[in-house]
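Engineer: Kindly generate the corresponding structure for this input.
(chains A, B, C and D)
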2 protein chains.
Amino acid sequence: MLNPERRVRLDDVAADVGLSTASVSLVLRGAPGPSAATRERVLAAAERLGYRPDRAASLLAAHRSRLIGVLLDVRSTFHAEFVEDLHETVEQHGYDLVLSTITRSRPERRAVETLLDSRCEALVLLGTEAPAEQLVALDRQVPVVTVGRRLDTTDVDVLRVADYVGVGQSVDYLIGLGHREIAYLDGGSGMIAAERRDGYRAAMRGAGLAAHATVLAGGPDEAAGMRVARALLDSGEPLPSAVVAFNDRSAVGVLDVFVRSGVHVPGQVSVVGYDDDPVARLAHVALTTVRQDTGQLTSHAIELLVERLDGTRTEHREVVLAPHLVVRNTTSPPR
Amino acid sequence: MLNPERRVRLDDVAADVGLSTASVSLVLRGAPGPSAATRERVLAAAERLGYRPDRAASLLAAHRSRLIGVLLDVRSTFHAEFVEDLHETVEQHGYDLVLSTITRSRPERRAVETLLDSRCEALVLLGTEAPAEQLVALDRQVPVVTVGRRLDTTDVDVLRVADYVGVGQSVDYLIGLGHREIAYLDGGSGMIAAERRDGYRAAMRGAGLAAHATVLAGGPDEAAGMRVARALLDSGEPLPSAVVAFNDRSAVGVLDVFVRSGVHVPGQVSVVGYDDDPVARLAHVALTTVRQDTGQLTSHAIELLVERLDGTRTEHREVVLAPHLVVRNTTSPPR
DNA sequence: GCGCGCATTTAAAGCGCTTTAATACCGAGT
DNA sequence: ACTCGGTATTAAAGCGCTTTAAATGCGCGC
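Structural biologist: Coordinates of the predicted model:
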């Protein structure tokens, strides 16, 4: 089965141009030394023979791998976007990416080990759930940047988005439109939910609307949003003029119940989500939401990594970015 | 910056137990030779020292890599599911996966080259768009399985799902419920759209309902679905009792317009999608749709690969799987 | 002519592991 | 005591590349 046509190796190219493998290697990697004439001949030969360097061999021989490992959950659309951007960014710095996904049968631990075994010089951890001390230990082996999670240690680089600020922006925007009765659909008991809730309360307080602040017990999915919306309709009380939801999914739940019940959005009630989940972008949903800009996120991630790899920084940093509001069709001034 | 604690190597372990690296290597890979007592000592030492084999070195030294490369679009949820399943399946056969994603800045060509450079023994191509002859050329270097695409060559292994059959199942199901006026929302001019359309027509004909077959010019997204639904409402004619849509996204568009216009689904009109896109699974959408079972798909993919790698098969195969209907809440008998 | 400095090129030593042929060992059989 | 047939272990030769020190060639001033 193994086809007879052996892979072209460095010495095949070298033999072809009548030079040593050393020279060819130098040319191929753009290292200084070889003359312009030599470069040209080598490049031509490599091209003609279809030479492709063997990664394993290069990796083994070189002292640096210029590889950055990324831990991700391949099913997360946010991770997908992040990786897409990161690819572009690291290439500009001469690095390459190695992806390792966590799945049902492949725990985070193992995914990270694969990355380490592949000689990655640094790791970007998306959606890690490992305890802080494990991350700190890992960071002693190789620079680590954790993304999107708040960490109670200052011994690892952390890159995250200020949800507190994001929810505040939604609330401020609604207030700017003239809303007063702005209710918040809570996301449950997690750390993220707590931060968003706090952001809501602080923003209402900041606008002198503390008395109007209402937190509705909800959850992180459509079902929770639907439940809360129904409760609102059934309560007999007047509806709030706007609902800020924990995330896009719960917002969609609210939207759905309202639409089916003949409540006009945004005419009667404005609805805001969070995350800019693909579902929020669907033409018929067009949900106003809050977005973490992955481009900005990745450029900071790479900055953190490069600083550490170059050795220009040894202490750890926490970078907190501000998200921004994406206004679509579910918000308008109150009647 | 580089921390002083060097990585533990094979000879560190060997030195620790007072054996040669050869023995340690044999033990670690479970190769026959070493005695039970030796195995135990080596394993213990490796564990204690925290030894992890260097992938690059192993790869370079070993004759086989036991690596399978996967080309994917990290943003596709279908690819994500597939990879998740594939991980599990290949591990059972003693292989490991290397992922390479195609992105904006990283064309398919380059993603595939990375895979080849990483010494993959076989390739699984999800969503490739390369011309058939390129795939055939690639297959001469290393066994290739293309997934999800119909190919006009028999010189590459192809694994795909019979859309023709899937749409037929939807139609048959609706007919079984008592529907007669079943309209089809077309998906445009692609090959996939053509196959699904044909499936619809054939099923209607098969049930003696050829006269009732109606293909509505549409498209592959929500906007198309919305457009068609509005046209249906505005036409003044009675609505069909069921609409089979090209895919879930266009079905959601239809659903949305109907719901907003007070048309009850499934009471007045039943709607069926295709793909079992995550959006179809949302609690408030709960769209009846057609699903390609990724588990079945991956097990066939691995079967195709293993046959080729073992050399038990040299000619090429096309495997066409039947999808299955997922009944949710958008279908019911007609009034 | 000769030595010098410079620009090029190359020999050779690995990188950390796998693999195979060869060796060492050990008790059983004669 | 001596060979034989295993079994357990290891020496050593790579895998295909990078990298560094050393070699080579060449033009130039003296």
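Engineer: Report the secondary structure element holding the nearest residue to A:A207 once chain neighbours are set aside.
Structural biologist: The shortest distance from A:A207 to any non-neighbouring residue, by Cβ to Cβ, 6 or more residues apart in numbering or on different chains, is to A:I175 (5.1 Å). Heads up, the C-betas are built off the backbone N, CA and C, glycines and all. Assigned by DSSP states H and E, A:I175 belongs to helix A:163-177.
Engineer: Who are the packing partners of that helix?
Structural biologist: Identification of packing neighbours for helix A:163-177 by 3 or more Cβ pairs under 8 Å, 6 or more residues apart in numbering or on different chains; DSSP states H and E yields strand A:182-185, helix A:191-206, strand A:242-245, strand A:270-272, strand A:289-291, strand A:324-326.
Engineer: Show me the one of these that comes nearest DNA strand D.
Structural biologist: Each of the helices and strands packed on helix A:163-177 was scored for nearness to DNA strand D using Cβ to the nearest atom of the strand, and the closest is strand A:289-291 (40.8 Å).
Engineer: rewinding a little: I'd guessed the residue nearest to A:A207 sits against A:G206; true?
Structural biologist: No. Applying Cβ atoms under 8 Å as the test, A:I175 and A:G206 come out as separate, 9.3 Å apart.
Engineer: Any stretches of chain A with poor pLDDT?
Structural biologist: Along chain A, the model assigns pLDDT under 70 to residues A:1-5.
Engineer: more neighbours, A:I175 and A:G206?
Structural biologist: Taking other Cβ atoms under 10 Å in any protein chain shown, A:I175 and A:G206 do not tie; A:I175 has more neighbours (18 against 13).
Engineer: how near is the more buried one to B:E47?
Structural biologist: According to Cβ to Cβ, to the nearest Å, A:I175 and B:E47 sit 60 Å apart.
Engineer: just A:V244 next, same as before
Structural biologist: Taking Cβ to Cβ, one finds A:V244 at 51 Å from B:E47.
Engineer: The two: who's more crowded?
Structural biologist: Each of A:V244 and B:E47 has its neighbours counted (other Cβ under 10 Å); A:V244 has more, 28 against 10.
Engineer: mind checking how far the more buried one is from A:G206?
Structural biologist: In this view, A:V244 and A:G206 are 14 Å apart by Cβ to Cβ.
Engineer: Next SSE downstream of the helix or strand harbouring A:E84?
Structural biologist: According to DSSP H and E, A:E84 maps onto helix A:77-92. Per DSSP H and E, helix A:77-92 leads on to strand A:96-101 as the next helix or strand towards the C-terminus.
Engineer: ok so, going back, pull the contacting residues for the residue nearest to A:A207.
Structural biologist: Neighbouring residues of A:I175 by Cβ atoms under 8 Å, 6 or more residues apart in numbering or on different chains: A:I182, A:A203, A:A207, A:L209.
Engineer: Which member of those is positioned nearest chain B?
Structural biologist: Of all the contacts of A:I175, chain B sits closest to A:I182, with 23.1 Å by Cβ to the nearest Cβ.
Engineer: wouldn't that closest one be in contact with A:M204 here?
Structural biologist: Yes. Counting by Cβ under 8 Å, A:M204 is a contact partner of A:I182 at 6.9 Å.
Engineer: Give me the common contacts of these two.
Structural biologist: A:V171, A:H212, A:A213.
Engineer: separation between whichever residue of the stretch 51-200 of chain A sits closest to DNA strand D and B:A31?
Structural biologist: Nearest residue of the stretch 51-200 of chain A to DNA strand D, counting by Cβ to the nearest atom of the strand: A:A61, 3.0 Å away. Distance of A:A61 to B:A31, computed by Cβ to Cβ: 26 Å.
Engineer: next one: A:H324
Structural biologist: Taken as Cβ to Cβ, the span from A:H324 to B:A31 is 57 Å.
Engineer: These two: who's more crowded?
Structural biologist: Higher neighbour count among A:H324 and B:A31: A:H324, with 15 against 9, using other Cβ under 10 Å.
Engineer: show me the residues around that one that make contact.
Structural biologist: Contacts of A:H324 by Cβ under 8 Å, 6+ apart are A:G166, A:Q169, A:V290, A:R291, A:D293.
Engineer: all helices for chain A, in order.
Structural biologist: Assigned by DSSP state H, chain A shows helices spanning A:10-17, A:21-28, A:36-49, A:55-61, A:77-92, A:108-117, A:132-141, A:163-177, A:191-206, A:222-234, A:248-260, A:278-281, A:294-310.
Engineer: Using JSON lines, lay out those together with distance to B:V8.
Structural biologist: Listed next are the helices of chain A as JSON lines, based on distance: least, Cβ to Cβ, whole Å:
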{"stretch": "helix A:10-17", "distance to B:V8": "30"}
{"stretch": "helix A:21-28", "distance to B:V8": "29"}
{"stretch": "helix A:36-49", "distance to B:V8": "37"}
{"stretch": "helix A:55-61", "distance to B:V8": "16"}
{"stretch": "helix A:77-92", "distance to B:V8": "28"}
{"stretch": "helix A:108-117", "distance to B:V8": "12"}
{"stretch": "helix A:132-141", "distance to B:V8": "11"}
{"stretch": "helix A:163-177", "distance to B:V8": "41"}
{"stretch": "helix A:191-206", "distance to B:V8": "36"}
{"stretch": "helix A:222-234", "distance to B:V8": "49"}
{"stretch": "helix A:248-260", "distance to B:V8": "45"}
{"stretch": "helix A:278-281", "distance to B:V8": "44"}
{"stretch": "helix A:294-310", "distance to B:V8": "22"}
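Engineer: Looking at those helices, which one is packed in the most?
Structural biologist: Among those, helix A:248-260 has the highest mean neighbour count (mean count of other Cβ atoms under 10 Å in any protein chain shown), at a mean of 25.
Engineer: Give me the angle between that helix and helix A:222-234.
Structural biologist: Angle of helix A:248-260 versus helix A:222-234, following axes from the mean of the first three to the mean of the last three Cα atoms, to 10 degrees, is 40 degrees.
Engineer: and helix A:248-260, what does it pack onto?
Structural biologist: Counting contacts by 3+ Cβ pairs under 8 Å, 6+ apart, helix A:248-260 is packed against strand A:182-185, helix A:222-234, strand A:242-245, strand A:270-272, helix A:278-281, helix B:248-260.
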